[in-house]
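# Quick one: sequence and predicted model below, then my questions.
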Amino acid sequence: MLYQIARKTVEPLSALLDSIGIDDAYAFSKKLFAPQISIFVYHRVGPQLHDWLYRSVNEYIFEKQIQWLKSTHTIISLEELVDLIRENKQPGGNVAVITFDDGYKDNYLYAFPILKKYQVPATVFLTTGCIDQRKLLWGDALDYIVLTTAADTIEHDLLGTIPIKSRKEKSSALFEIKQNIMKKIPNMQKVRLLEDLERELGVEIPEHPGDGIMLSWEEVRKMREGGILFGAHTVTHPILSNATFKEAKFEIEQSKHRIEAELGEQITTFAYPNGKPADINADTIGLLKQNNFTCAVTTLPTKINHNSDLLGLGRITTTNNYSLFKFLASGLYSDGIHLIGFHEPGCNQISGDH
Ligand SMILES: [Zn+2]
(Lines give C-alpha, C1' and ligand atoms only; values in the text may rest on other atoms or scores of the structure.)
Protein backbone atom coordinates (compact mmCIF):
# COMPACT_ATOMS: atom_id res chain seq x y z
CA MET A 1 0.00 0.00 0.00
CA LEU A 2 2.79 2.40 0.95
CA TYR A 3 4.44 1.59 -2.34
CA GLN A 4 1.24 2.31 -4.28
CA ILE A 5 0.82 5.69 -2.58
CA ALA A 6 4.50 6.52 -3.04
CA ARG A 7 4.52 5.52 -6.68
CA LYS A 8 1.30 7.41 -7.45
CA THR A 9 2.82 10.55 -5.98
CA VAL A 10 6.38 10.22 -7.17
CA GLU A 11 5.84 9.13 -10.79
CA PRO A 12 3.96 12.23 -11.99
CA LEU A 13 6.21 14.46 -9.89
CA SER A 14 9.34 12.97 -11.42
CA ALA A 15 7.88 13.36 -14.95
CA LEU A 16 7.12 17.03 -14.26
CA LEU A 17 10.57 17.74 -12.79
CA ASP A 18 12.24 15.99 -15.71
CA SER A 19 10.21 17.92 -18.28
CA ILE A 20 11.48 21.24 -16.93
CA GLY A 21 15.08 20.03 -16.59
CA ILE A 22 15.26 20.05 -12.80
CA ASP A 23 16.90 16.58 -12.51
CA ASP A 24 19.75 17.58 -14.83
CA ALA A 25 20.30 20.88 -13.04
CA TYR A 26 20.18 19.22 -9.63
CA ALA A 27 22.67 16.48 -10.58
CA PHE A 28 24.98 19.16 -12.03
CA SER A 29 24.80 21.29 -8.88
CA LYS A 30 25.50 18.20 -6.72
CA LYS A 31 28.53 17.49 -8.88
CA LEU A 32 29.88 20.99 -8.21
CA PHE A 33 28.86 21.64 -4.63
CA ALA A 34 28.01 18.39 -2.82
CA PRO A 35 29.27 15.35 -4.76
CA GLN A 36 27.42 12.13 -4.06
CA ILE A 37 28.34 8.47 -4.35
CA SER A 38 25.64 6.11 -5.61
CA ILE A 39 25.56 2.41 -6.40
CA PHE A 40 22.81 1.34 -8.80
CA VAL A 41 21.29 -2.13 -8.96
CA TYR A 42 19.75 -3.60 -12.10
CA HIS A 43 18.28 -7.08 -12.44
CA ARG A 44 17.07 -7.79 -15.97
CA VAL A 45 17.88 -5.59 -18.98
CA GLY A 46 16.27 -6.19 -22.37
CA PRO A 47 12.95 -7.13 -23.94
CA GLN A 48 10.23 -8.85 -21.95
CA LEU A 49 10.63 -12.56 -22.80
CA HIS A 50 7.60 -14.06 -21.09
CA ASP A 51 4.39 -12.87 -19.45
CA TRP A 52 5.34 -14.67 -16.26
CA LEU A 53 8.85 -13.29 -16.00
CA TYR A 54 9.63 -10.32 -13.76
CA ARG A 55 9.87 -7.25 -15.91
CA SER A 56 13.14 -5.77 -17.06
CA VAL A 57 14.62 -2.39 -17.86
CA ASN A 58 14.28 -2.04 -21.62
CA GLU A 59 17.69 -1.95 -23.36
CA TYR A 60 16.99 1.47 -24.98
CA ILE A 61 16.08 2.95 -21.60
CA PHE A 62 19.17 1.30 -20.09
CA GLU A 63 21.37 2.97 -22.72
CA LYS A 64 19.77 6.37 -22.01
CA GLN A 65 20.38 5.87 -18.28
CA ILE A 66 24.05 5.02 -18.88
CA GLN A 67 24.41 8.09 -21.15
CA TRP A 68 22.83 10.30 -18.47
CA LEU A 69 25.02 8.85 -15.71
CA LYS A 70 28.11 9.42 -17.85
CA SER A 71 27.17 13.08 -18.26
CA THR A 72 26.51 13.67 -14.56
CA HIS A 73 28.76 11.18 -12.74
CA THR A 74 32.14 9.46 -12.99
CA ILE A 75 31.32 5.77 -13.30
CA ILE A 76 33.85 3.61 -11.45
CA SER A 77 34.05 -0.07 -10.52
CA LEU A 78 32.90 -1.37 -7.14
CA GLU A 79 36.54 -2.27 -6.36
CA GLU A 80 37.61 1.34 -7.04
CA LEU A 81 34.86 2.52 -4.71
CA VAL A 82 36.13 0.18 -1.98
CA ASP A 83 39.61 1.75 -2.37
CA LEU A 84 38.12 5.26 -2.27
CA ILE A 85 36.33 4.52 1.02
CA ARG A 86 39.32 2.68 2.52
CA GLU A 87 41.60 5.59 1.69
CA ASN A 88 39.06 7.96 3.21
CA LYS A 89 38.94 10.05 0.03
CA GLN A 90 36.23 12.52 -0.89
CA PRO A 91 35.12 12.26 -4.52
CA GLY A 92 35.85 15.24 -6.77
CA GLY A 93 32.41 14.94 -8.41
CA ASN A 94 29.41 12.59 -8.42
CA VAL A 95 30.46 8.94 -8.48
CA ALA A 96 28.33 6.05 -9.74
CA VAL A 97 28.83 2.28 -9.59
CA ILE A 98 26.74 -0.06 -11.76
CA THR A 99 25.73 -3.49 -10.46
CA PHE A 100 23.44 -6.31 -11.59
CA ASP A 101 21.94 -8.94 -9.30
CA ASP A 102 21.08 -12.59 -9.90
CA GLY A 103 22.86 -13.42 -13.18
CA TYR A 104 20.28 -13.14 -15.96
CA LYS A 105 21.33 -14.00 -19.51
CA ASP A 106 20.04 -10.66 -20.78
CA ASN A 107 22.90 -9.00 -18.85
CA TYR A 108 25.17 -10.64 -21.44
CA LEU A 109 22.89 -10.17 -24.46
CA TYR A 110 21.76 -6.57 -23.92
CA ALA A 111 23.59 -4.81 -21.09
CA PHE A 112 27.13 -6.01 -21.87
CA PRO A 113 27.27 -4.52 -25.43
CA ILE A 114 26.09 -1.15 -24.06
CA LEU A 115 28.58 -1.24 -21.19
CA LYS A 116 31.34 -1.99 -23.72
CA LYS A 117 30.16 0.77 -26.07
CA TYR A 118 30.39 3.39 -23.31
CA GLN A 119 33.40 1.75 -21.60
CA VAL A 120 31.55 1.55 -18.32
CA PRO A 121 32.69 -0.84 -15.55
CA ALA A 122 30.12 -3.00 -13.78
CA THR A 123 29.80 -5.88 -11.32
CA VAL A 124 27.38 -8.79 -11.77
CA PHE A 125 26.39 -10.75 -8.66
CA LEU A 126 25.77 -14.39 -9.52
CA THR A 127 23.35 -16.91 -8.01
CA THR A 128 25.61 -19.84 -8.83
CA GLY A 129 23.16 -22.73 -8.31
CA CYS A 130 20.86 -21.31 -11.00
CA ILE A 131 23.79 -21.24 -13.45
CA ASP A 132 25.06 -24.70 -12.51
CA GLN A 133 21.66 -26.39 -12.58
CA ARG A 134 20.06 -24.16 -15.28
CA LYS A 135 17.29 -23.38 -12.80
CA LEU A 136 15.09 -20.38 -12.14
CA LEU A 137 15.46 -18.24 -9.03
CA TRP A 138 12.81 -19.32 -6.52
CA GLY A 139 10.89 -16.05 -6.97
CA ASP A 140 10.72 -16.54 -10.74
CA ALA A 141 9.71 -20.19 -10.24
CA LEU A 142 6.84 -19.04 -8.01
CA ASP A 143 5.74 -16.51 -10.66
CA TYR A 144 5.88 -19.26 -13.30
CA ILE A 145 3.73 -21.61 -11.20
CA VAL A 146 1.05 -19.08 -10.23
CA LEU A 147 0.88 -17.25 -13.57
CA THR A 148 0.76 -20.35 -15.78
CA THR A 149 -1.48 -22.67 -13.74
CA ALA A 150 -4.96 -23.53 -15.01
CA ALA A 151 -6.20 -23.76 -11.40
CA ASP A 152 -8.31 -20.88 -10.13
CA THR A 153 -7.70 -21.29 -6.39
CA ILE A 154 -4.74 -22.00 -4.13
CA GLU A 155 -5.58 -24.26 -1.18
CA HIS A 156 -2.73 -24.78 1.24
CA ASP A 157 -2.40 -25.32 5.01
CA LEU A 158 -0.01 -22.43 5.40
CA LEU A 159 -1.66 -20.07 2.89
CA GLY A 160 -5.35 -20.85 3.35
CA THR A 161 -7.59 -20.34 0.31
CA ILE A 162 -6.48 -17.72 -2.21
CA PRO A 163 -8.38 -16.99 -5.45
CA ILE A 164 -6.17 -16.82 -8.55
CA LYS A 165 -8.70 -16.67 -11.38
CA SER A 166 -7.81 -13.33 -12.94
CA ARG A 167 -4.42 -11.75 -13.58
CA LYS A 168 -5.22 -9.20 -10.87
CA GLU A 169 -5.95 -11.95 -8.33
CA LYS A 170 -2.77 -13.76 -9.34
CA SER A 171 -0.68 -10.59 -8.89
CA SER A 172 -2.05 -9.90 -5.44
CA ALA A 173 -1.65 -13.60 -4.47
CA LEU A 174 1.98 -13.48 -5.62
CA PHE A 175 2.67 -10.34 -3.62
CA GLU A 176 1.12 -11.86 -0.51
CA ILE A 177 2.86 -15.25 -0.85
CA LYS A 178 6.26 -13.82 -1.76
CA GLN A 179 6.55 -10.75 0.45
CA ASN A 180 4.49 -11.74 3.48
CA ILE A 181 5.12 -15.48 3.67
CA MET A 182 8.02 -16.89 1.68
CA LYS A 183 10.43 -14.10 2.57
CA LYS A 184 9.63 -14.55 6.26
CA ILE A 185 9.60 -18.30 6.90
CA PRO A 186 12.59 -20.63 7.49
CA ASN A 187 14.36 -21.38 4.24
CA MET A 188 13.58 -25.11 4.17
CA GLN A 189 9.90 -24.42 4.76
CA LYS A 190 9.98 -22.02 1.78
CA VAL A 191 11.57 -24.70 -0.41
CA ARG A 192 8.85 -27.20 0.59
CA LEU A 193 6.07 -24.66 0.02
CA LEU A 194 7.32 -24.04 -3.51
CA GLU A 195 7.31 -27.81 -4.21
CA ASP A 196 3.79 -28.10 -2.74
CA LEU A 197 2.50 -25.30 -4.98
CA GLU A 198 4.08 -26.79 -8.09
CA ARG A 199 2.42 -30.13 -7.37
CA GLU A 200 -0.93 -28.88 -6.13
CA LEU A 201 -1.43 -26.34 -8.91
CA GLY A 202 -0.57 -29.01 -11.51
CA VAL A 203 2.30 -27.08 -13.06
CA GLU A 204 5.27 -28.89 -14.49
CA ILE A 205 8.36 -26.74 -14.55
CA PRO A 206 10.54 -27.77 -17.55
CA GLU A 207 13.71 -29.72 -16.79
CA HIS A 208 16.08 -26.81 -17.39
CA PRO A 209 13.88 -23.71 -17.05
CA GLY A 210 16.93 -21.47 -16.64
CA ASP A 211 17.99 -22.08 -20.26
CA GLY A 212 17.51 -18.85 -22.17
CA ILE A 213 16.93 -16.93 -18.93
CA MET A 214 20.01 -17.33 -16.72
CA LEU A 215 23.66 -16.80 -17.73
CA SER A 216 25.91 -19.72 -18.62
CA TRP A 217 29.49 -19.97 -17.34
CA GLU A 218 30.73 -19.46 -20.89
CA GLU A 219 28.90 -16.12 -21.05
CA VAL A 220 30.27 -15.20 -17.62
CA ARG A 221 33.82 -15.83 -18.89
CA LYS A 222 33.20 -13.77 -22.04
CA MET A 223 31.94 -10.87 -19.94
CA ARG A 224 34.95 -11.18 -17.64
CA GLU A 225 37.27 -11.01 -20.66
CA GLY A 226 35.37 -7.86 -21.66
CA GLY A 227 36.15 -6.22 -18.29
CA ILE A 228 32.99 -7.01 -16.30
CA LEU A 229 33.60 -7.99 -12.66
CA PHE A 230 31.70 -10.65 -10.73
CA GLY A 231 30.57 -11.04 -7.14
CA ALA A 232 28.75 -13.72 -5.15
CA HIS A 233 24.99 -13.72 -4.54
CA THR A 234 24.64 -17.18 -2.88
CA VAL A 235 23.80 -20.54 -4.47
CA THR A 236 19.97 -20.61 -4.23
CA HIS A 237 19.12 -17.01 -3.28
CA PRO A 238 17.72 -17.63 0.23
CA ILE A 239 16.99 -14.81 2.65
CA LEU A 240 20.12 -15.42 4.74
CA SER A 241 18.52 -14.47 8.05
CA ASN A 242 15.91 -17.22 7.44
CA ALA A 243 18.60 -19.82 6.76
CA THR A 244 20.30 -21.97 9.40
CA PHE A 245 23.97 -21.23 10.08
CA LYS A 246 24.91 -24.36 8.13
CA GLU A 247 22.78 -23.31 5.14
CA ALA A 248 24.12 -19.73 5.21
CA LYS A 249 27.71 -20.99 5.39
CA PHE A 250 27.15 -23.24 2.39
CA GLU A 251 25.36 -20.51 0.40
CA ILE A 252 28.09 -17.91 0.97
CA GLU A 253 31.17 -20.15 0.66
CA GLN A 254 29.97 -22.30 -2.21
CA SER A 255 28.90 -19.36 -4.38
CA LYS A 256 32.29 -17.71 -3.86
CA HIS A 257 34.19 -20.93 -4.61
CA ARG A 258 32.18 -21.73 -7.75
CA ILE A 259 32.88 -18.34 -9.31
CA GLU A 260 36.54 -18.52 -8.30
CA ALA A 261 36.83 -21.99 -9.88
CA GLU A 262 35.24 -20.78 -13.14
CA LEU A 263 37.15 -17.51 -13.41
CA GLY A 264 40.43 -18.42 -11.71
CA GLU A 265 40.50 -15.31 -9.55
CA GLN A 266 39.55 -14.25 -6.04
CA ILE A 267 35.96 -13.12 -5.50
CA THR A 268 35.67 -10.49 -2.78
CA THR A 269 32.32 -8.75 -3.33
CA PHE A 270 28.89 -9.95 -2.23
CA ALA A 271 25.26 -8.89 -2.67
CA TYR A 272 22.75 -9.94 0.03
CA PRO A 273 19.67 -11.66 -1.47
CA ASN A 274 16.72 -9.28 -1.08
CA GLY A 275 19.15 -6.98 0.75
CA LYS A 276 17.00 -5.37 3.47
CA PRO A 277 18.24 -5.01 7.08
CA ALA A 278 15.92 -7.84 8.23
CA ASP A 279 17.53 -10.17 5.67
CA ILE A 280 20.99 -9.89 7.23
CA ASN A 281 22.16 -11.01 10.68
CA ALA A 282 25.40 -11.21 12.69
CA ASP A 283 26.11 -14.73 11.36
CA THR A 284 25.89 -13.43 7.79
CA ILE A 285 28.39 -10.65 8.48
CA GLY A 286 30.69 -13.06 10.36
CA LEU A 287 30.68 -15.51 7.45
CA LEU A 288 31.50 -12.75 4.97
CA LYS A 289 34.45 -11.64 7.10
CA GLN A 290 35.71 -15.22 7.52
CA ASN A 291 35.61 -15.63 3.76
CA ASN A 292 37.57 -12.45 3.08
CA PHE A 293 34.81 -10.50 1.38
CA THR A 294 35.89 -6.86 1.24
CA CYS A 295 32.48 -5.39 0.49
CA ALA A 296 28.79 -6.31 0.47
CA VAL A 297 25.85 -4.41 -0.97
CA THR A 298 22.24 -4.09 0.20
CA THR A 299 19.10 -2.86 -1.57
CA LEU A 300 18.44 -0.04 0.85
CA PRO A 301 19.24 3.36 -0.70
CA THR A 302 21.33 4.59 2.21
CA LYS A 303 23.76 7.39 1.42
CA ILE A 304 27.39 6.44 0.86
CA ASN A 305 30.36 8.47 2.06
CA HIS A 306 33.99 7.91 3.10
CA ASN A 307 32.81 6.56 6.50
CA SER A 308 30.39 3.96 5.08
CA ASP A 309 30.45 0.37 6.33
CA LEU A 310 31.92 -1.67 3.47
CA LEU A 311 29.77 -4.68 4.40
CA GLY A 312 26.57 -2.66 4.18
CA LEU A 313 26.78 -0.38 1.16
CA GLY A 314 23.37 0.88 0.06
CA ARG A 315 22.13 0.79 -3.53
CA ILE A 316 19.48 2.57 -5.57
CA THR A 317 17.14 0.15 -7.35
CA THR A 318 16.73 1.21 -10.96
CA THR A 319 13.49 1.41 -12.89
CA ASN A 320 12.29 1.27 -16.48
CA ASN A 321 10.77 4.75 -16.03
CA TYR A 322 13.49 7.15 -17.26
CA SER A 323 12.16 10.26 -15.46
CA LEU A 324 11.81 8.32 -12.23
CA PHE A 325 15.34 6.96 -12.65
CA LYS A 326 16.71 10.51 -13.03
CA PHE A 327 14.69 11.68 -10.03
CA LEU A 328 16.26 8.90 -7.91
CA ALA A 329 19.76 9.16 -9.41
CA SER A 330 20.06 12.96 -9.28
CA GLY A 331 19.78 12.92 -5.48
CA LEU A 332 16.54 14.95 -5.61
CA TYR A 333 14.49 12.17 -4.10
CA SER A 334 16.80 11.29 -1.19
CA ASP A 335 17.68 14.93 -0.41
CA GLY A 336 13.99 15.90 -0.67
CA ILE A 337 12.75 13.36 1.82
CA HIS A 338 15.62 14.12 4.17
CA LEU A 339 14.70 17.78 4.03
CA ILE A 340 11.10 17.19 5.01
CA GLY A 341 12.17 14.65 7.65
CA PHE A 342 10.09 11.90 6.09
CA HIS A 343 10.95 8.25 6.79
CA GLU A 344 12.88 6.97 3.81
CA PRO A 345 11.08 4.10 2.04
CA GLY A 346 13.23 1.75 -0.01
CA CYS A 347 13.59 2.81 -3.63
CA ASN A 348 12.07 -0.59 -4.37
CA GLN A 349 8.86 0.75 -2.96
CA ILE A 350 9.06 3.62 -5.43
CA SER A 351 10.33 1.81 -8.49
CA GLY A 352 8.09 -1.22 -7.92
CA ASP A 353 10.93 -3.69 -8.42
CA HIS A 354 11.47 -6.64 -6.13
ZN1 LIG B 1 18.88 -11.25 -6.05
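Received it, and whenever you're ready, just let me know what you need.
# what's around the closest residue to the ion within the stretch 51-200 of the chain, how many residues?
The stretch 51-200 of the chain approaches the ion most closely through Asp101 (4.0 Å), counting by Cβ to the ion. C-betas here are computed from N, CA, C, even on glycine. Counted with other Cβ atoms under 10 Å, the neighbours of Asp101 add up to 28.
# cool, and Cys295?
Neighbourhood size, Cys295 [other Cβ under 10 Å]: 24.
# Could you check how many residues crowd around the residue nearest to it when sequence neighbours are not counted?
In space, and not counting its chain neighbours, Cys295 is closest to Leu310: 4.5 Å by Cβ to Cβ, 6 or more residues apart in numbering. Leu310 has 16 neighbours, counted by other Cβ under 10 Å.
# show me what contacts Leu310?
When contacts are counted by Cβ atoms under 8 Å, 6 or more residues apart in numbering, Leu310 touches Val82, Ile85, Arg86, Thr294, Cys295, Ala296.
# Which secondary structure state is assigned to it?
coil (DSSP: H, G, I helix; E, B strand; the rest coil).
# quick one: low-confidence parts of the protein?
By pLDDT under 70, the low-scoring segments of the chain are 1-7, 337-354.
# Please report how far the residue nearest to the residue of the stretch 51-200 of the chain closest to the ion when sequence neighbours are not counted lies from Leu81.
In space, and not counting its chain neighbours, Asp101 is closest to Phe125: 5.0 Å by Cβ to Cβ, 6+ apart. To Leu81, Phe125 is 15 Å away according to Cβ to Cβ, to the nearest Å.
# out of these two, which sits in the busier spot?
Per other Cβ under 10 Å, whichever of Phe125 and Leu81 has more neighbours is Phe125, with 27 against 22.
# is the ion contacted by the strand or helix carrying that one?
Per DSSP states H and E: Phe125 is located in strand 123-126. No: legend: contact between strand 123-126 and the ion by Cβ under 5 Å from the ion is lacking; minimum distance shown is 7.1 Å.
# How far does that strand sit from its chain's centre?
On the basis of Cα atoms, centre = their mean, to the nearest Å, strand 123-126 sits 10 Å off its chain's mean C-alpha point.
# and after that strand, which helix or strand comes next?
Criterion used, DSSP H and E; the element after strand 123-126 is helix 128-133.
# mind listing the strands for this protein?
Along the chain, counting by DSSP state E, strands occupy 37-42, 74-75, 95-102, 123-126, 153-156, 160-163, 229-232, 269-271, 295-297, 316-317.
# Make CSV from those and add distance to Pro238 to it.
Shown next, in CSV, are the strands of the chain (distance: least, Cβ to Cβ, whole Å):
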stretch, distance to Pro238
strand 37-42, 18
strand 74-75, 31
strand 95-102, 13
strand 123-126, 14
strand 153-156, 20
strand 160-163, 23
strand 229-232, 13
strand 269-271, 13
strand 295-297, 15
strand 316-317, 20
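# I'd like to know which of the ones you listed is closest to Leu215.
Shortest distance between Leu215 and the strands of the chain, using Cβ to Cβ, is found for strand 123-126: 7.2 Å.
# Near the ion, which residues of the stretch 201-350 of the chain are found?
Pro273.
# For the ion, what's the nearest residue on the stretch 201-350 of the chain?
With Cβ to the ion, the shortest gap between the stretch 201-350 of the chain and the ion falls at Pro273, namely 5.0 Å.
# That residue: neighbouring residues, count only.
Pro273 sits with 27 neighbouring residues when counted by other Cβ under 10 Å.
# residues near the residue nearest to Gly314 when sequence neighbours are not counted, how many?
Leaving aside its sequence neighbours, Gly314 sits nearest to Thr302 (Cβ to Cβ, 6+ apart; 3.3 Å). Neighbourhood size, Thr302 [other Cβ under 10 Å]: 16.
# so Thr302 sits right up against Ile316, yeah?
No: using Cβ atoms under 8 Å, Thr302 is not in contact with Ile316, being 9.9 Å away.
# show me what contacts the residue of the stretch 201-350 of the chain closest to the ion?
With Cβ under 8 Å, 6+ apart, Pro273 has these contacts: Thr127, His233, Thr234, His237, Pro238, Ile239, Leu240, Asp279.
# Now tabulate those residues in CSV and tack on distance to Lys168 and neighbour count.
CSV is the format used below for these (distance: Cβ to Cβ, whole Å; neighbours: other Cβ atoms under 10 Å):
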residue, distance to Lys168, neighbour count
Thr127, 30, 28
His233, 31, 28
Thr234, 32, 27
His237, 27, 23
Pro238, 29, 24
Ile239, 27, 22
Leu240, 33, 24
Asp279, 28, 19
